[in-house]
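Participant: Fold the following.
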Amino acid sequence: MTHARLELSRVEESQDRRPVAAAPPPASLAMGPQSNCPGRESELGQLELAAKNITREQLIVVEGPTGMGKSRLLSELRTRVRLDGGVVLEGRCEPGRAFGPFAEIVDRALRFLDEVSATRRVSPSRSLEGLGCGHGCHRLWHQHSGHQHADVVARTLAADDPSGATPETLAFERKMRFFDAVAALLREVSAVRPPLVLLHQLERADEGTLELLAFLVDGGALVAGSGPDTSQGLRALFVSTMRSDAGAVSQGARIASLLGLASCHRMTLGPLDVAGLRAYLTSDETIARLLARTGGNPDVLDLLLEAEPLTQRSRVQRRLDRLDRPSRAMVDALAVLGRPATLETLARVASVPADLRLDLTTSELVSRTLLDGEVRFVFEREAQRAEVYELIDVDARRDMHARAVEVCAAEFAREDAVRHAISTGDLERAAALALAAAAVLSARHAHTEAAALLESLVEVAVNAPREIRIELVDLHRVAGNYRAALVHARTLAETAPREAESAARVGHLLLVSGELAPAQTELSRALALAESDETTPAALVIEVQAQLAELLYRRGRYVEAGVWADRALAAAKQAGSARLEVQARNILGKLALAQKEPEHAARLFEENRAHAHHAGLAHLEAQALTNLAIAHLLRNDLGAAEEQCLRAIDLATLASDTRDRAIATENLAVLAHLRREYDRALDHYLTAVKLLKRLGNRAMLVRLARNLGELYLSLGDRERARSFCDHAAHLAGPGTPPPVTAERLVLRGRIEAAEGN
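Facilitator: Below you'll find the model as predicted:
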């Protein structure tokens, strides 16, 4: 008899991923003509060979201290691949720029496909819908700027979605559609030729960029569901540079997770060895420079070798000294701005006349890039930008920051303006800009970056405005960082101890964090405060009642949970809130299942389904169908259970509801398992694995790995059963629910018994 388990549908999510195996690049070398990277031919040969043999998604991180030649290595690789007719897409990482490098990568990919379309006279099959901003007002997410939506604040995070999805679910699904769209775009490029994707300065990447990169190279794109040939992997080679200097990496945990993927290969650049040094000194470029400096005079060469080497700052100072005054001012302005900019923008920040004839690349510090059809200037290396910034007079730097506030607020986005306002000490202006910037970043699918921006303001402001902390609670909650949200929620509750909403906010966060005892204390206090204040909105009272019912259900106190759920249901009906009515009835249905009353549960879930359908609450309808299937299973009606699972999958797919689609698919696998249709069960399980990897919910992955172990044990394959059982143990963390852990231990015992132990 099988012991596979089904899962009830709830709204709890986190983002976490596991690696998909991929082979490292071949170690053999491809020697070509003398390169611009003398002494690095071995590393260049490995990268070039990997770029010529792209069979699936793969990431190579070129890491090392400042000055080891990482940027030069990628520049030479880019040149060689392009000369060979290859496709190169590249972007630069910038802190706080939501998915910054992918703005450039997507822009280059779209232009490449447009050129291919014009040449071949065919229409591209890609859909750009997922690349748009969260508000649906811009074709590409990064084009959503603050000055066009100054009246929009992130309060929309707390608003009800017409489909019944929670803000967390809605934000996650929009981000997944964006990730899928990027993957589909790159897959379409790879259908012409697998691209080389370069990301410069990975240590400076925002968290969203690191998450998207992990998604692309970790096999998450296999579940895209859009674009051409989604059954195929993403054939692309991602190569990134990363400084390994102490303190250089800003996203330590996220980068460590990325580097731990099986599809990631690390290439370390250290000082040149004897052979490398010999190659460097005998290169044409080095010889030409030595001749220019010494005229070939041996004594002068000896003097040059005797001299102390230049520091990074002195070398930057020499290059700056060669510039005329307007060019120097614009390079300084670029260092202050800290992001790619046009000459016109730099002239405004530097407060000098705009001279379009200037070529800042002559400084040997700055290069050009193309974004949204505009030529912009950018520092080749962050270390050099930092040195230029430090060389600017303090007063001149402050003046440029002040002008940058106005320029960024009008031209770029308010997230940059906030940083500059903080640098000038104008915290009141920074706070006003920060709220608008949070809305912009949220529309760009970057709630984590929006929260980080507001956190930077809280760090420097002695008394941060209450609106900032409320926004931080919402942003951290939507991003799944409940601990961080709790910090601000508790601060808000301390400053308003008699406010029901503040207590309810803390109680809800404790509930979703799994801290049930303190959650009950806070929710009970919130309800008492709400009921004693006639001005409290009815919806808040019903929400708290429903949360108390859910909490007591989780604690196994079913009678009390039923009382609160009945109370919430009656109040929701009286208030005319379809969403809250479905929510309360769903808890009653789960209570009926827990008390072995499948007939009663089926009636409740069917009522929920009809109610959600009539109200247009697609997410809640999919949830009701998923739970209705479990009720049919407990009634031993496997056919009806399968029918409801299939309906739930169809509806969840239309509603972009990954969670219920994953749960319903896993339940289909369990049904096939119960029928001993093992091939079908395995297919459904593997599909569910791909979907659950996107959600990153460890408890769900642990349960699914355990179910796969049960499947293989049923097939008599004890080795694979043990492997999945061990994998479930590996996935389990301190937050794994005890029943899930208990089920895994039961499986382990059954495996041992089957082997006679």
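Participant: CA atoms for contacts and neighbours, from now on please.
Facilitator: Fine.
Participant: low-scoring pLDDT stretches of the stretch 351-500 of the chain, where are they?
Facilitator: Low-confidence segments of the stretch 351-500 of the chain (pLDDT under 70): 372, 411-413.
Participant: can you check the stretch 201-350 of the chain too?
Facilitator: For the stretch 201-350 of the chain (pLDDT under 70), the answer is 219-233, 246-251.
Participant: And the helices in it?
Facilitator: Along the stretch 201-350 of the chain, counting by DSSP state H, counting those that start in this stretch, helices occupy 207-217, 252-259, 274-281, 284-294, 298-306, 312-321, 325-337, 343-350.
Participant: How about the second one, which residues are buried there?
Facilitator: Residues of helix 252-259 classed as buried: 254-255, 257-259 (neighbour count, 16 or more other C-alpha atoms under 10 Å).
Participant: Make JSON lines out of the helices of the stretch 201-350 of the chain and add distance to residue 174.
Facilitator: Converted to JSON lines, these look like this (distance: least, C-alpha to C-alpha, whole Å):
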{"stretch": "helix 207-217", "distance to residue 174": "13"}
{"stretch": "helix 252-259", "distance to residue 174": "21"}
{"stretch": "helix 274-281", "distance to residue 174": "49"}
{"stretch": "helix 284-294", "distance to residue 174": "50"}
{"stretch": "helix 298-306", "distance to residue 174": "59"}
{"stretch": "helix 312-321", "distance to residue 174": "44"}
{"stretch": "helix 325-337", "distance to residue 174": "30"}
{"stretch": "helix 343-350", "distance to residue 174": "32"}
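Participant: out of those, nearest to residue 98?
Facilitator: helix 207-217 (6.2 Å; C-alpha to C-alpha).
Participant: and that closest one, what does it pack onto?
Facilitator: helix 100-120, helix 167-192, helix 252-259, helix 447-460 (3 or more C-alpha pairs under 8 Å, 6 or more residues apart in numbering; DSSP states H and E).
Participant: Just send those back as CSV, with distance to residue 715 too.
Facilitator: Formatted as CSV, the helices and strands packed on helix 207-217 follow (distance: least, C-alpha to C-alpha, whole Å):
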stretch, distance to residue 715
helix 100-120, 46
helix 167-192, 35
helix 252-259, 35
helix 447-460, 44
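Participant: and of the ones you listed, who's closest to residue 523?
Facilitator: helix 167-192 (20.3 Å).
Participant: okay, the angle between the closest one and helix 207-217?
Facilitator: Interaxial angle of helix 167-192 relative to helix 207-217 (axes from the mean of the first three to the mean of the last three C-alpha atoms, to 10 degrees): 50 degrees.
Participant: Show the subsequent helix or strand relative to helix 167-192.
Facilitator: strand 196-200 (DSSP states H and E).
Participant: tell me which strands and helices that next one is in contact with?
Facilitator: With 3+ C-alpha pairs under 8 Å, 6+ apart as the test, strand 196-200 has helix 70-83, strand 88-92, strand 237-243 packed against it.
Participant: could those go into TSV alongside mean neighbour count?
Facilitator: Below are the helices and strands packed on strand 196-200 laid out as TSV (neighbours: other C-alpha atoms under 10 Å):
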stretch	mean neighbour count
helix 70-83	18
strand 88-92	23
strand 237-243	24
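Participant: can you put these in TSV and add distance to residue 199?
Facilitator: Output for the helices and strands packed on strand 196-200, formatted as TSV (distance: least, C-alpha to C-alpha, whole Å):
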stretch	distance to residue 199
helix 70-83	9
strand 88-92	5
strand 237-243	5
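Participant: which one of these lies closest to residue 415?
Facilitator: Going by C-alpha to C-alpha, the one of the helices and strands packed on strand 196-200 nearest residue 415 is strand 88-92, 17.4 Å.
Participant: by contact count, what packs against that closest one?
Facilitator: helix 70-83, helix 100-120, strand 196-200.
Participant: Quick one: closest of those to residue 668.
Facilitator: helix 100-120 (37.0 Å).
Participant: Can you report how many residues neighbour residue 196?
Facilitator: 25 (other C-alpha atoms under 10 Å).
Participant: oh, and call the first residue 57 from now on, that's how I've got it
Facilitator: Right, with 57 as the first residue, what we last looked at is residue 252.
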